[in-house]
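> Structure for the following, please:
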Amino acid sequence: MGEGRSVADRWFTRERMRNYPVIVVVLSATVWLGTIAAGDLPLVLGGQVVLPDFLAYWTGGRGLVEGFGADLYDPARQGPLQQEEVPGMTGFSWFVAPPFVAVLLAPLGALAYLVAAFCFAVINGLALAVIIRGLLHLAPGIRREDRRLVVLGCVAFPPVFEAFAAGQMSLIFLALWVTAMRCAADGRPVWAGMLLALAAFKPHLVLLVPCALIARRDWRALAGYVVVGSGLLLVSFAAVGQRGMRNWVDALGSAAYRELVGSGQAWKTISLAAWGESLPATRGLGILSLGVGAIAVFMAARTSLPDPLRDLAVLSLLTVVFSPHAMLYDGVLLLPIAIWLLSAGLLVRARWLLLVIWVLLFSTSMRHALAEAVPLLGWADLPLAALPMAVLVWRLRQLDGTDRARATRSSRRP
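Modelled structure (predicted):
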């Protein structure tokens, strides 16, 4: 065992923890900015629009501004709108988020796309700052000299760059969750529940939240969650009406959605449920996976005392692993588990596992390109990162036991 630790210590040095993230950030930013510089904005090199996923959000906001109403989710209305704003773009970015998202993004939808995309990039940058600052606030166990390494590690985490470059709302999602847990730590559970509900613009990622609040018997937070969730539902009905809500549900269940958003981006999925999409024999795994996640949430709550950072870390990890639909950019939800492990002094026991997860997430695009070029390597396109994440879930109880034992010994010291 000592020899194994010695090998790990030689690999995980402070210099490498500082230098490697810098290299990753510089190379990733250089490649991304290079594709922008070589393009003709708002198009980048290859004919794709800059912040491609944000185009869908912008379309929802603009559609609402232009009075699409119940037809907000009609591709026949969205497609021409995008082509008119970004002539020559390739592909189609379908807005299928809940209707209240279009209401929230209506101010950006009223702007020209390039201006709106710049504003959204600034918002995402601020969200990342909120995440890092909030996690450090919740993690007093992290030494001051390690905090710069934490910042570098967060910025260099592959899903963070993916969310930023794609124009996704995953960073805003996590910023709301982190702020919610800060409210919980400060004794404001109602506000915590309200902020958790605001993240419902990714509804598939908030399915375990009520389970977590019920498991903790945090009824005030649950009340805040229900009130805001109900309010968002009313806003959605007001924006598109009953027919529009029905059209939204129909769009999510349509064959076109499964082909364009589901199968077309299956290589970006990272949850266990994604294996159900990749292997026909396991279809229906999503519902089973979500049920297992709910059980895991209750078990995690029963075996530990309330701790905002730990609760956030466990809920985030379980959400990514057991969600019916988690993408590469949603992997930003793994940041809290790494911060908690570091703060609790447990990182050394999970660092190899976290490294494997990091490498598999970082190599997602490369593995996809390899699988496309070499059919015999099609297995490389599978959601491999879900496997070590599932192992990390399995090890949580053991790690929790170590943390509680350490806390008990510390409390007995004179």
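> list the buried ones in the helix ranked longest in the chain?
Ranked by residue count, the top helix of the chain under DSSP state H comes out as helix 219-252. For helix 219-252, a neighbour-count test (16 or more other C-beta atoms under 10 Å) marks 221-222, 224-225, 228-229, 232, 235-236, 239-240, 244-245, 247-248, 251 as buried. Where you see a C-beta, it was placed from the backbone N, CA and C, and this is true even at glycine.
> who does it touch, helix- and strand-wise?
helix 99-104, helix 189-198, helix 209-215 (3 or more C-beta pairs under 8 Å, 6 or more residues apart in numbering; DSSP states H and E).
> of all the buried residues of helix 219-252, which two lie farthest apart?
Distance extremes for the buried residues of helix 219-252: the farthest pair is Ala221 and Asn247 at 32.8 Å, using C-beta to C-beta.
> Point out where the stretch 301-414 of the chain drops to low pLDDT.
303-304, 400-414 (pLDDT under 70).
> Do you have the helices of it handy? List them.
Secondary structure of the stretch 301-414 of the chain (DSSP state H, counting those that start in this stretch): helices located at 308-322, 335-343, 351-362, 364-373, 386-412.
> Of all the helices and strands packed on helix 219-252, which one is nearest Val374?
Going by C-beta to C-beta, the one of the helices and strands packed on helix 219-252 nearest Val374 is helix 99-104, 38.9 Å.
> Show me how far that closest one is from its chain's centre.
Distance of helix 99-104 from the chain centroid (C-alpha atoms, centre = their mean, to the nearest Å) equals 19 Å.
> per-residue confidence averaged over it?
What helix 99-104 shows for mean pLDDT is 96.
> and if you look at stretch 63-76?
The model assigns stretch 63-76 a mean pLDDT of 93.
> which of the residues in that stretch are buried?
Here stretch 63-76 shows 63-65, 68, 70, 72-73, 75 as buried, counting by 16+ other C-beta under 10 Å.
> same question, stretch 302-312
For stretch 302-312, by 16+ other C-beta under 10 Å, it's 304, 307-312.
> same thing with stretch 362-375?
Buried, per 16+ other C-beta under 10 Å, within stretch 362-375: 362-364, 367, 371.
> Could you find the closest non-adjacent residue to Met89?
Excluding its sequence neighbours, the residue lying closest to Met89 (C-beta to C-beta, 6 or more residues apart in numbering) is Val49, at 4.9 Å.
> isn't the one you found right next to Pro87, touching?
No: Val49 is beyond contact range of Pro87, at 10.7 Å (criterion: C-beta atoms under 8 Å).
> Counting neighbours, go ahead and name the busier of these two.
Remark: of Val49 and Pro87, Val49 carries more neighbours, 26 against 9, as counted by other C-beta atoms under 10 Å.
> ok, the more buried one - contacts?
42-43, 55, 86, 89, 93, 113 (C-beta atoms under 8 Å, 6 or more residues apart in numbering).
> What is the most widely separated pair among those?
So, the contacts of Val49 by C-beta to C-beta: farthest apart are Leu43 and Ser93, at 13.1 Å.
> and those two? which has more neighbours close in?
Neighbours per residue (other C-beta under 10 Å) separate Leu43 from Ser93, with Ser93 holding more: 24 against 17.
> My understanding was that the more buried one contacts Leu51; is that so?
No: using C-beta under 8 Å, Ser93 is not in contact with Leu51, being 9.8 Å away.
> residues bridging contact with those two, i.e. touching both?
With C-beta under 8 Å, 6+ apart as the test, Ser93 and Leu51 reach no residue in common.
> Buried residues, the helix or strand encompassing Leu171. List them.
Per DSSP states H and E: Leu171 is located in helix 170-185. By neighbour count with 16+ other C-beta under 10 Å, helix 170-185 contains the buried residues 170-185.
> How about stretch 43-57?
43-44, 48-57.
> Just give the number of residues close to the nearest residue to Ala112 once chain neighbours are set aside.
Among residues not flanking Ala112 along the chain, Glu85 sits closest, at 7.5 Å (C-beta to C-beta, 6+ apart). Neighbours of Glu85 under the rule other C-beta under 10 Å: 18.
> Return the residues in contact with Glu85.
Contacts of Glu85 (C-beta under 8 Å, 6+ apart): 62, 112-113.
> Over to Ala38?
Counting by C-beta under 8 Å, 6+ apart, the residues that Ala38 touches are 44-45.
> can we see that at 7 Å?
For Ala38, the contacting residues are Leu45, by C-beta atoms under 7 Å, 6 or more residues apart in numbering.
> That one and Glu162, how far apart?
20 Å (C-beta to C-beta, to the nearest Å).
> just Trp352 next, same as before
Applying C-beta to C-beta to Trp352 and Glu162 gives a distance of 23 Å.
> more neighbours, the two?
Glu162 (24 against 15).
> Identify all contacting residues around the helix or strand hosting the more buried one.
According to DSSP H and E, Glu162 maps onto helix 158-166. Outside helix 158-166, the residues that touch it by C-beta under 7 Å, 6+ apart are 28, 32, 51-53, 124, 128, 154, 170-171, 328-332, 358, 361-362.
> Repeat that for stretch 356-369.
Counting by C-beta under 7 Å, 6+ apart, 158-159, 267-268, 328, 331, 380-381, 384-385, 388-389 sit against stretch 356-369.
> now, among these, which is nearest to Gly291?
Met389 (17.6 Å).
> Skip the chain neighbours and tell me the closest residue to that closest one.
Met389 sits nearest to Val321 (C-beta to C-beta, 6+ apart), 5.0 Å away.
> contacting residues for the one you found?
271-272, 293, 386, 389-390, 393.
> Nearest to the middle of the protein, which residue? Look it up for me.
Centroid-nearest residue in the chain, with C-alpha atoms, centre = their mean: Asp330, separated by 2.2 Å.
> For Gly253, see how far away it is.
For Asp330, the distance to Gly253 - C-beta to C-beta - is 21 Å.
> Please apply the same query to Leu198.
For Leu198 relative to Gly253 (C-beta to C-beta), the value is 25 Å.
> neighbours of Asp186, just the number please.
12.
> Correction: the previous question concerned Ala296.
22.
> thought it was touching Leu315?
No: in this structure, Ala296 is not within contact of Leu315 by C-beta atoms under 7 Å, at 10.0 Å.
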